[in-house]
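1. task: produce atomic coordinates for the following.
(chains A and B)
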Number of protein chains: 2
Amino acid sequence: MLISELETPAVIVDLDVMDRNLSRVAGYCRKHQLLLRPHTKTHKIPELAKRQIASGATGITVAKIGEAEVMLNAGITDILIAYPIVGAEKTQRLSRLAEQANITISLDSEEAACGISDAATRQGSRIGILIEMDVGFGRCGLGNETDLLTLAQKITDLPALKFKGLTFFPGHFSVAPEERAAMRVQVNEFLQRSLETFSRAGLPVSIVSGGSTPTAYEGSLFYGVNEVRPGTYIFNDRNTVAVSACSLDDCALSVLVTVVSTAVPGHAVVDGGSKTFSSDRFQAGDGGGFGIVKEDAAAEVERFSEEHGHLNIQRSERCYRVGDRLSIIPNHVCTTVNMHDEIYGIRGERVEEIWRVEARGKVR
Amino acid sequence: MLISELETPAVIVDLDVMDRNLSRVAGYCRKHQLLLRPHTKTHKIPELAKRQIASGATGITVAKIGEAEVMLNAGITDILIAYPIVGAEKTQRLSRLAEQANITISLDSEEAACGISDAATRQGSRIGILIEMDVGFGRCGLGNETDLLTLAQKITDLPALKFKGLTFFPGHFSVAPEERAAMRVQVNEFLQRSLETFSRAGLPVSIVSGGSTPTAYEGSLFYGVNEVRPGTYIFNDRNTVAVSACSLDDCALSVLVTVVSTAVPGHAVVDGGSKTFSSDRFQAGDGGGFGIVKEDAAAEVERFSEEHGHLNIQRSERCYRVGDRLSIIPNHVCTTVNMHDEIYGIRGERVEEIWRVEARGKVR
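-> Numbers count the residues shown, from 1 in each chain, chains lettered A, B, ... in the order given. From the prediction side, this is the model:
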């Protein structure tokens, strides 16, 4: 099939660019002896998770048990669920998963640890635990080494759990490289204090897992880190470009759309809006706009309705006609892919692969 | 099943409130002799579309052909696709649909009209056309009566199309009632000029379709309007409350979530973020926040990550513990429901219905 035969809106992935993104991060991790555990929430596609493993990843990361179930069904057996799993049904599902795979969970509370321990004990399974540190993003995680050690000691006392180490997500590092460097100083101090505290207490920390796509090539600069979990890097997006973590040419994914109206002067409407792209904002700069039109740098993706993308073309010299096709790089690929049942792998003008987004909708 | 047995996050709909919302709008339309054609993009569930018809709707509105296909498969045969349908594949699917159902399309260009006419002629089907007016939202639609008449005359000359009337979407009316009243004056002048122009030209306009949920009880105040297309009213949401188009008690839908972390002081994290709620902003007031916590008016839904809802609880006196359950009314129900494969109808503490969101993901 040719791209020109795809109905729009359609999410298309340039396979050459994707392959290059996979190799580059895998190469960096090999060179710096970092374990690579990509976050598959970006694509939710078992086939792509397998390619990440084939290109050097030691296992994968997911956010929800439902995602882990999909990946395990596809034969992937080393899974970090980077999310505190809470509730009777969920801990039971988790314990069942852990019978068939090497499952690790991140958490930051005794309540979560006890719930998982109870369920795993009943099931007779064993679950690895990473304790989450808050390194400044202010989402989950404990903020000092004393609390980390106290929780780790409680976990070592609980049956069916194995304390494996520490984890953090530097979500606030979605900024320019020089700002990341300044922030890293504080994170490294916290990491060093924590690892020294654990060492003094005689509690081995085998995994220190951190990192994101904006820090994909900075993993070796974090104190003690031996595993990284980038997600977005497989496709990249407008936000990643904006924080200089990739170039525009490294954006593998775009959304093919059709112009459906040019009736309002200075504007064109395309057939994809927030139900196609998500309404995630542009985190960098002035926060404006919702994507990059590859064919026309002067066009601004100004606004989304649910099914309409509003292009401001007042500064453009291109002639827009109903029926024209454009491709738009989204602000945030992870939430874009999550809107679709399938996406397309392309090479040149050909559609070479069709992938089902199998873990889409696994909100639980 | 009891609500307490639902795994979270789960979208729950209070059936009593939903039924009241359906009756109230249907009652208003009956009283004012307006045809009611609800926009089913809000729920994408055939069973709810059927209840809307049972409560008085003359037919339904959808945004995409894929949604129309789902609704037709469920036996609904009077469908307005309020979207310009462009492209060979799509116009062919449309023409096939029109063999089995009464299908109307809105559009604003000769290109779209010719494409549909060509496909319908080949298929031997007939498609109703509403021409879209831009009444100030600046999305789709022609902005003056001369252009409307010119396009209508072209459409009457094309085979397989039947010109039925005019349509508009007052998307910019998501504001306070007094602002809506001021804006309505201009819209009514445009409507009156247009209808007089068509009348002088001897071209009958049988449908004038307008309206949205913010104007759900103002349909009779628009000049010449005889059909309205509210969507959100079935559930309502934080945006609808903010523009005084409903009260908080009229919000039928909320998302049941669980607290998964309280490690960061002054904050609590729940297990639903942008992949559960969407990241649609609050359009009213200062635009801040992503929902209303029903159990705690002092908690602020401050931010969403993909799977984390960040609650700021600094002003709250409630004690938040890991494992607590809360229910959150979203900013925008239409994009929230679209994230889910199924949603739950509840009465009191019981889950009475489970609906599959059958048209979710029908982006084409």
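
2. how much space separates the most centrally placed residue in chain A from residue B:264?
-> Closest residue to the average C-alpha location of chain A: residue A:231 at 3.3 Å, with CA atoms, centre = their mean. Going from residue A:231 to residue B:264 by CB to CB, to the nearest Å gives 22 Å. For every residue, glycine as well, the C-beta is placed using N, CA and C.

3. quick revisit: what number of residues lie near the closest residue to the residue nearest to the centre of chain A other than its chain neighbours?
-> Residue nearest to residue A:231 in three dimensions, not counting chain neighbours: residue A:39, with 3.2 Å by CB to CB, 6 or more residues apart in numbering or on different chains. Neighbourhood size, residue A:39 [other CB atoms under 10 Å in any protein chain shown]: 26.

4. one more: the one 5 residues further on?
-> A count of neighbours around residue A:44, defined by other CB under 10 Å, yields 29.

5. what of the one 5 residues further on?
-> Neighbour count for residue A:49, taken as other CB under 10 Å: 28.

6. is it true that it touches residue A:40?
-> Yes - using CB atoms under 8 Å as the test, residue A:49 is close enough to residue A:40 to be in contact (4.8 Å).

7. between the two, what contacts are shared?
-> A:60, A:71 (CB atoms under 8 Å, 6 or more residues apart in numbering or on different chains).

8. care to break chain A down by domain?
-> Annotated domains of chain A cover A:15-235, A:248-356 [automatic domain parsing].

9. quick one: closest of the ones you listed to residue B:220.
-> Closest to residue B:220 of the domains of chain A, according to CB to CB: domain A:248-356, at 25.6 Å.

10. anything in the closest one near chain B?
-> Yes - counting by CB under 8 Å from any CB of the partner chain, chain B is contacted by domain A:248-356 at A:258-265, A:267, A:269, A:271-272, A:274-276, A:278-281, A:305-308, A:310, A:321-323, A:334-335, A:338-341.

11. how about the helices of chain A, start to end?
-> In chain A, the helices defined using DSSP state H lie at A:15-31, A:46-54, A:65-73, A:88-100, A:110-123, A:145-157, A:177-201, A:238-242, A:274-277, A:333-337.

12. can you put those in a markdown table and add mean pLDDT?
-> As requested, the helices of chain A are arranged in a markdown table below (pLDDT from 0 to 100):
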| stretch | mean pLDDT |
| --- | --- |
| helix A:15-31 | 98 |
| helix A:46-54 | 98 |
| helix A:65-73 | 98 |
| helix A:88-100 | 97 |
| helix A:110-123 | 98 |
| helix A:145-157 | 98 |
| helix A:177-201 | 97 |
| helix A:238-242 | 96 |
| helix A:274-277 | 98 |
| helix A:333-337 | 98 |
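
13. of all the ones you listed, which lies closest to residue B:105?
-> helix A:274-277 (19.1 Å).

14. keeping just the C-alphas, turn that closest one into PDB.
-> Provided in PDB are the C-alpha atoms of helix A:274-277 (Å, rounded to 0.1, in the frame of the first residue of the first chain):
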ATOM      1  CA  SER A 274      -7.800  16.700  20.100                       C
ATOM      2  CA  LYS A 275      -9.300  13.200  19.500                       C
ATOM      3  CA  THR A 276      -6.500  12.500  17.000                       C
ATOM      4  CA  PHE A 277      -3.500  14.400  18.600                       C
END
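
15. the residue nearest to the centre of chain A reaches residue A:337, doesn't it?
-> No - the pair residue A:231 / residue A:337 is not scored as a contact, 10.7 Å apart, by CB under 8 Å.

16. intersection of neighbour lists for these two?
-> By CB under 8 Å, 6+ apart, residue A:231 and residue A:337 have these common neighbours: residue A:42.

17. what residues does the stretch 51-200 of chain A have near chain B?
-> So far as CB under 8 Å from any CB goes, the stretch 51-200 of chain A lies against chain B at A:63-64, A:83-84, A:86-87, A:89-90, A:108-109, A:111-112, A:115, A:132, A:134, A:138-143, A:147, A:171.

18. which residues does the residue nearest to residue A:237 when sequence neighbours are not counted contact?
-> In space, and not counting its chain neighbours, residue A:237 is closest to residue A:333: 4.3 Å by CB to CB, 6+ apart. Contacts for residue A:333 were tallied using CB under 8 Å, 6+ apart; they are A:42, A:232, A:235-237, A:253.

19. same deal with residue A:91?
-> Going by CB under 8 Å, 6+ apart, residue A:91 touches A:85, A:115-116, A:118-120.

20. how much space between the closest residue to residue A:257 other than its chain neighbours and residue A:277?
-> Distance criterion CB to CB, 6+ apart; nearest residue to residue A:257, sequence neighbours excluded, is residue A:270 at 4.0 Å. Distance of residue A:270 to residue A:277, computed by CB to CB: 10 Å.

21. those two: which is more packed in?
-> residue A:270 (30 against 26).

22. isn't the more buried one up against residue A:323?
-> No - Residue A:270 is beyond contact range of residue A:323, at 11.2 Å (criterion: CB under 8 Å).

23. shared neighbours of the two, anything?
-> Common neighbours of residue A:270 and residue A:323 (CB under 8 Å, 6+ apart) are A:258-259.

24. check residue A:287 and give its pLDDT.
-> Looking at residue A:287, its pLDDT is 82.

25. from residue A:31, how far out is it?
-> 35 Å.

26. coming back round to it: between residue A:270 and residue A:277, what contacts are shared?
-> Shared contacts of residue A:270 and residue A:277 (CB under 8 Å, 6+ apart): A:309, A:328.

27. what about the stretch 201-350 of chain A, any weak spots by pLDDT?
-> Along the stretch 201-350 of chain A, the model assigns pLDDT under 70 to residues A:285.

28. in it, mark out all the strands, start to finish.
-> A:207-210, A:227-228, A:253-261, A:267-270, A:291-293, A:300-304, A:309-312, A:325-330, A:342-347, A:350-356 (DSSP state E, counting those that start in this stretch).

29. list the buried ones in the last one?
-> Put plainly, it is strand A:350-356. Across strand A:350-356, burial judged by 16 or more other CB atoms under 10 Å in any protein chain shown covers A:351, A:355.

30. how about it as PDB, C-alpha atoms only?
-> The C-alpha trace of strand A:350-356 is given here as PDB (Å, rounded to 0.1, in the frame of the first residue of the first chain):
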ATOM      1  CA  ARG A 350       5.200   2.800   1.000                       C
ATOM      2  CA  VAL A 351       3.300   1.600   4.000                       C
ATOM      3  CA  GLU A 352       5.400  -1.400   5.200                       C
ATOM      4  CA  GLU A 353       3.800  -2.200   8.500                       C
ATOM      5  CA  ILE A 354       0.500  -1.800  10.300                       C
ATOM      6  CA  TRP A 355       0.700  -2.100  14.100                       C
ATOM      7  CA  ARG A 356      -2.200  -2.500  16.400                       C
END
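
31. what packs against that strand?
-> strand A:342-347 (3 or more CB pairs under 8 Å, 6 or more residues apart in numbering or on different chains; DSSP states H and E).

32. can you tell me the strand partners of the strand it packs on and which way each runs?
-> Strand A:342-347 has the following strand partners under DSSP bridges: strand A:10-14 (parallel), strand A:350-356 (antiparallel).

33. what about residue A:2, distance to chain B?
-> 13 Å (CB to the nearest CB, to the nearest Å).

34. repeat that for residue A:331.
-> In terms of CB to the nearest CB, residue A:331 sits 10 Å off from chain B.

35. go on, residue A:21?
-> From residue A:21 to chain B the distance is 20 Å (CB to the nearest CB).

36. so who does that residue touch?
-> Taking CB under 8 Å, 6+ apart, one finds A:233-236, A:246, A:250, A:252 in contact with residue A:21.

37. repeat the analysis, applying 6 Å as the threshold.
-> By CB atoms under 6 Å, 6 or more residues apart in numbering or on different chains, the residues touching residue A:21 are A:233-234.

38. the one 5 residues further on too?
-> With contact set as CB under 6 Å, 6+ apart, residue A:26 has these partners: A:55-56.
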